[in-house]
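Asker: just need the structure, nothing else, for what follows:
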Amino acid sequence: MSVATTKPGAPALSVGGVPLDRLAERVGSTPFFAYDRARLTERIGELRAALPDDVHLDYAVKANPMPAVVQHLSGLVDGFDVASAAEMRTALDTPTPPARVSFAGPGKTPAELAQAVAAGVTIELESETEAARITAIGDRLGVRPRVAVRVNPDFQIKGSGMRLGGGPQQFGVDAERVPALVGELADADVELLGFHIFAGSQNLNAEILCEAQRKTVALALELAERSSAPISYLNIGGGFGIPYTDRDAPLDLMRVGRNLEQVMADVARPRLPGARVVVELGRYIVGECGLYVTRVVDRKESRGKTFLVVDGGLHHQLAASGNFGQVIRRNYPVAIATAAPQSDLETVSVVGCLCTPLDLLADDVVLPRAGVGDLVVIRQAGAYGLTASPTAFLSHPPAVEVLL
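Answerer: Predicted coordinates:
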């Protein structure tokens, strides 16, 4: 059972200084996502203060590709990582130079690769097939492609919400096969910049992340020694997690930053003096900067249990329903934005409008008493919300997104 963060007598929830009940009128309908511009800026400031000055900070657009969010972040981060041609177009619509945009992900189509070569972005190769395609596309277009090799490391990182390295993976080239591919690229008309090594995501354990950084840089150095081209780019991923439940302790960001400073001073700077070292983050930048706001359309009792039925659901916010990678379902932080100051607390379950029992946004949570018309808020909704959800499921309307 989880307890809501909004209690009777607490100040009204707001985003960008606008109370949510007023914001709902401004948006014109529910459900909607609201992202806080000032909080985004503040989060980048926290990262800049913790990370070494010579480590570049890139935003992984897949976490939240809303164009207004990407535009705002373009003035705060050093570059973007994209995972589709559509995300690439969004990034290139900002003032960020194409050379500071990287394109990762398995299964890039020849058409997408051609767009990336023509645009001049850095293509992170996921396979030998992609390498051959890139070479042919560059020859056809008369453009020398900018490439890096995405490496599937030979180690795993425990405690990650999603493991992206170690063992068989659809992501990247197995570390033991990278030297042969680098040798082939040396004979091709491409600009080989370096490596992208990312072992896992959503990790709240600072020491595990520190270990990942050390192992990642050590692997990069080993591969660099076997490359005939100088290494000018090293993306060490990120994996910084955010707390989603009462059981989660926030990441010790300063601990991670101090470790990375030591790794840079002892290893990376002396042995890769010309390399641009990149930390790539998505969820950690935007996750805590967003809310999902939905309205109660029915309140019903069923055999002793109270349900708040809302006009939103998993088709907008799949992650909160527990169907986006959770092994054991736990509630996201939830609140009632429009509860009366002296509302009594009660135990309820918040369910969506879809015709499936999977559409459960919060189960047995303690909230101020709410009725039809009240606004229910799901926190930690800034990352992997709308675009990570089955928006076409049952053909309900899409949610609006706003940045304040």
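Asker: and stretch 141-155, end to end?
Answerer: Using Cα to Cα, to the nearest Å, the end-to-end distance of stretch 141-155 comes out at 38 Å.
Asker: for the chain, where's the lowest mean pLDDT among helices and strands?
Answerer: Ranked by mean pLDDT, DSSP states H and E, the weakest helix or strand in the chain is strand 2-3, scoring a mean of 37.
Asker: tell me the first helix or strand C-terminal of that one.
Answerer: Downstream of strand 2-3, the next assigned helix or strand under DSSP states H and E is strand 14-15.
Asker: how far is that following strand from where the chain is centred?
Answerer: Centre-to-centre, strand 14-15 and its host chain are 22 Å apart (Cα atoms, centre = their mean, to the nearest Å).
Asker: swap in stretch 131-150?
Answerer: For stretch 131-150, the distance from its own C-alpha centre to the chain's C-alpha centre is 28 Å (Cα atoms, centre = their mean).
Asker: what do you get for stretch 383-395?
Answerer: Relative to its parent chain, stretch 383-395 has a centroid offset of 15 Å by Cα atoms, centre = their mean.
Asker: and it, how far apart are its ends?
Answerer: The first and final residues of stretch 383-395 sit 23 Å from each other (Cα to Cα).
Asker: got the buried residues for that stretch?
Answerer: Taking 16 or more other Cβ atoms under 10 Å as the neighbour-count basis, stretch 383-395 is seen to contain the buried residues 383-389, 393. Bear in mind the C-beta positions are built from the backbone N, C-alpha and C, glycine included.
Asker: again with stretch 376-383
Answerer: By neighbour count, with 16+ other Cβ under 10 Å as the criterion, the buried positions of stretch 376-383 are 376-383.
Asker: okay, and which of those map to strands?
Answerer: Among the buried residues of stretch 376-383, the members found in strands (DSSP state E) are 376-378.
Asker: ok, so of those, who is nearest residue 98?
Answerer: Ranked by distance to residue 98 (Cβ to Cβ), these are led by residue 378 at 35.9 Å.
Asker: what is that closest one paired to in the beta sheet?
Answerer: Taking DSSP bridges, one finds residue 292, residue 334 as the beta-bridge partners of residue 378.
Asker: Throw the buried residues of stretch 376-383 into TSV and include distance to residue 192 and pLDDT, thanks.
Answerer: As requested, those are arranged in TSV below (distance: Cβ to Cβ, whole Å; pLDDT from 0 to 100):
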residue	distance to residue 192	pLDDT
376	51	98
377	48	98
378	44	97
379	43	96
380	39	96
381	39	97
382	35	97
383	32	97
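Asker: out of those residues, which is nearest to residue 328?
Answerer: Each of the buried residues of stretch 376-383 was scored against residue 328 by Cβ to Cβ, and residue 380 proved nearest at 16.9 Å.
Asker: I figured the closest one hits residue 244, correct?
Answerer: Yes: using Cβ atoms under 8 Å, residue 380 and residue 244 qualify as a contacting pair, with a distance of 5.4 Å.
Asker: please enumerate the shared neighbours of these two.
Answerer: Residues within reach of residue 380 and of residue 244 at once, by Cβ atoms under 8 Å, 6 or more residues apart in numbering, are 332-333.
Asker: hang on, the earlier thing: Throw the buried residues of stretch 383-395 into a markdown table and include distance to residue 108, thanks.
Answerer: Conversion of the buried residues of stretch 383-395 to a markdown table gives the following (distance: Cβ to Cβ, whole Å):
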| residue | distance to residue 108 |
| --- | --- |
| 383 | 23 |
| 384 | 21 |
| 385 | 25 |
| 386 | 23 |
| 387 | 18 |
| 388 | 20 |
| 389 | 23 |
| 393 | 27 |
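Asker: identify the farthest-apart pair in those.
Answerer: In the buried residues of stretch 383-395, two members sit farther apart than any others by Cβ to Cβ. They are 383 and 393, at 20.2 Å.
Asker: helix, strand, or coil at residue 217?
Answerer: helix (DSSP: H, G, I helix; E, B strand; the rest coil).
Asker: how many neighbours does it have?
Answerer: Taking other Cβ atoms under 10 Å as the neighbour definition, residue 217 ends up with a count of 22.
Asker: is it true that it touches residue 263?
Answerer: Yes: using Cβ under 8 Å, residue 217 is in contact with residue 263, at 5.3 Å.
Asker: for the stretch 51-200 of the chain, give me the ranges with low pLDDT.
Answerer: Regions of the stretch 51-200 of the chain meeting the criterion pLDDT under 70 cover residues 157-168.
Asker: in it, mark out all the strands, start to finish.
Answerer: Taking DSSP state E, counting those that start in this stretch to define them, one finds strands in the stretch 51-200 of the chain at 55-60, 79-82, 101-103, 122-125, 146-152, 162-163, 173-174, 191-197, 200-201.
Asker: what residues does the third one touch?
Answerer: In this structure, residues lying in contact with strand 101-103 by Cβ under 8 Å, 6+ apart are 58, 79-83, 88, 91-92, 112, 116, 119, 121-124, 148, 196, 235.
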